[in-house]
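In: dropping a prediction and its sequence here:
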Amino acid sequence: MMTEDFGGLLVRAPLRTDIPAWAELVARIAEAERHTWFEKAEDLETFFELHDADSDAVLAFDHDGVPRAHGRLTAVGDGAVVRTEGGVDPAWLRRGIGRRVLRWQQERAGRLAAERGLPGVALRAQHEDHVQGPARLFESERFEIVRWFNEMHRGLDGLPPARPITPGYELVEWTTDLDEQTRLLHNLAFAGHWGSAPRTEESWARRVGNPEVRRDWTFVVRETSTGSPVAYHLGSHDPEIERLHGRAEGYTELIGVDPGHRGRGLARHLLEEALRRYAADGMSTAALDMDSGNGTGALALYEGLGYRVVNRAPVWEKTIPATP
């Protein structure tokens, strides 16, 4: 059922049949704001698979049935952290719609905390730093910046020469039969990382099975004595990046090393291999994102390989108390 709200727009929970139009709305917003990356229809499909769209998402339509604003929530781990996504069609800005979406998200977060028996939740939102509208909105709603993420690029000329891997290890292709072992490795590698929660089998399958993932850019390092994966690299390619930004990009979705095998050059070896594969496939740029507060030495590694920060994204947070 639709209700008239959000500045005269008609609001209801999204349906699966809305996914194509919803994806078009996300793309319109991303193109106007020059987002580095944006969600596609398959990402919205994943939301329906893993979350309760009836309670945790809204779409707002004009009277012609075109979606003009959206918002949703995604609980992380035990639900004490809740992430937001949302936006307003560029043609419908400055009507207070974005604020109404954000207030709906805050109200829903309070109810979600109560449903889970929590005293409250940390509601988080992120946007690219060059887009100033969200920053003004979050600040006015008493959110605070708690973290920064860096987008880093490297041109694919002047690549380092191929070097042998550290003795005792071997680089192998990440075939589907390694998916479960690599999921467990990822959870181990990211345990304790800010904002990270263990991946379930279902969420991992959808992450590694995303159409943008390139299996030929995806590989693992195994310990030769045990045959166990101890490091991994997940690479992807989004053709929309070239259309919108004019660069053919090889992207490092995820890279991780078992804590017991760090300090042995395995992450460097994975990235150097990824750079060579990107270049061989005609990419012009290698890209990745990193938490600026990462204390594992990742920034020094990336800068040592020639990556440079080109964009930053603040993470805003507000504590929302449980409400019935």
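Out: Received the coordinates, thanks.

In: for the nearest residue to residue 41 once chain neighbours are set aside, give me the pLDDT.
Out: Using CB to CB, 6 or more residues apart in numbering and skipping the chain neighbours, the partner closest in space to residue 41 is residue 23 (4.1 Å). C-beta here means a position set from N, CA and C on the backbone, and glycine is covered the same way. Per-residue pLDDT puts residue 23 at 98.

In: how many residues are close by residue 190?
Out: 16 (other CB atoms under 10 Å).

In: mind listing what it touches?
Out: Each residue near residue 190 by CB atoms under 8 Å, 6 or more residues apart in numbering is listed here: 196, 256.

In: roughly how far does it sit from residue 184?
Out: For residue 190, the distance to residue 184 equals 11 Å [CB to CB, to the nearest Å].

In: residue 99 is in contact with residue 88, correct?
Out: No - using CB atoms under 8 Å, residue 88 is not in contact with residue 99, being 9.7 Å away.

In: which one's more surrounded, the two?
Out: Neighbours per residue (other CB under 10 Å) separate residue 88 from residue 99, with residue 88 holding more: 27 against 15.

In: tell me the contacts of that one?
Out: So residue 88 contacts 29, 68-69, 97-98, 101 (CB under 8 Å, 6+ apart).

In: how many residues are close by residue 192?
Out: If you count neighbours by other CB under 10 Å, residue 192 ends up with 8.

In: from residue 126, how far off is it?
Out: Distance of residue 192 to residue 126, computed by CB to CB: 20 Å.

In: the lengthiest helix in the chain - what's its average pLDDT?
Out: Scanning the chain for the longest helix, with DSSP state H as the assignment, gives helix 97-115. Confidence over helix 97-115 (mean pLDDT, whole number) is 96.

In: pull the CA atoms of it into CSV?
Out: Only the C-alpha atoms of helix 97-115 are listed here, as CSV (Å, rounded to 0.1, in the frame of the first residue of the first chain):
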residue,chain,number,x,y,z
ILE,A,97,13.0,14.4,0.5
GLY,A,98,16.5,13.3,1.5
ARG,A,99,15.9,14.5,5.1
ARG,A,100,12.6,12.6,5.2
VAL,A,101,14.4,9.4,3.9
LEU,A,102,17.1,9.8,6.6
ARG,A,103,14.6,10.3,9.3
TRP,A,104,12.7,7.2,8.3
GLN,A,105,16.0,5.3,8.5
GLN,A,106,16.6,6.6,12.0
GLU,A,107,13.1,5.7,13.1
ARG,A,108,13.4,2.2,11.6
ALA,A,109,16.9,1.7,13.2
GLY,A,110,15.3,2.5,16.6
ARG,A,111,12.6,-0.2,16.0
LEU,A,112,15.2,-2.6,14.7
ALA,A,113,17.2,-2.2,18.0
ALA,A,114,14.1,-2.9,20.0
GLU,A,115,13.3,-6.0,17.9
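
In: alpha carbons of the following helix or strand past that helix, as PDB, please.
Out: Scanning forward in sequence from helix 97-115 by DSSP states H and E, the next helix or strand is strand 120-126. C-alpha atoms of strand 120-126 as PDB (Å, rounded to 0.1, in the frame of the first residue of the first chain):
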ATOM      1  CA  GLY A 120      20.500   1.000  20.600                       C
ATOM      2  CA  VAL A 121      22.400   0.800  17.400                       C
ATOM      3  CA  ALA A 122      25.100   2.700  15.600                       C
ATOM      4  CA  LEU A 123      23.600   4.000  12.400                       C
ATOM      5  CA  ARG A 124      26.200   4.500   9.700                       C
ATOM      6  CA  ALA A 125      26.200   6.300   6.400                       C
ATOM      7  CA  GLN A 126      29.000   6.800   3.800                       C
END
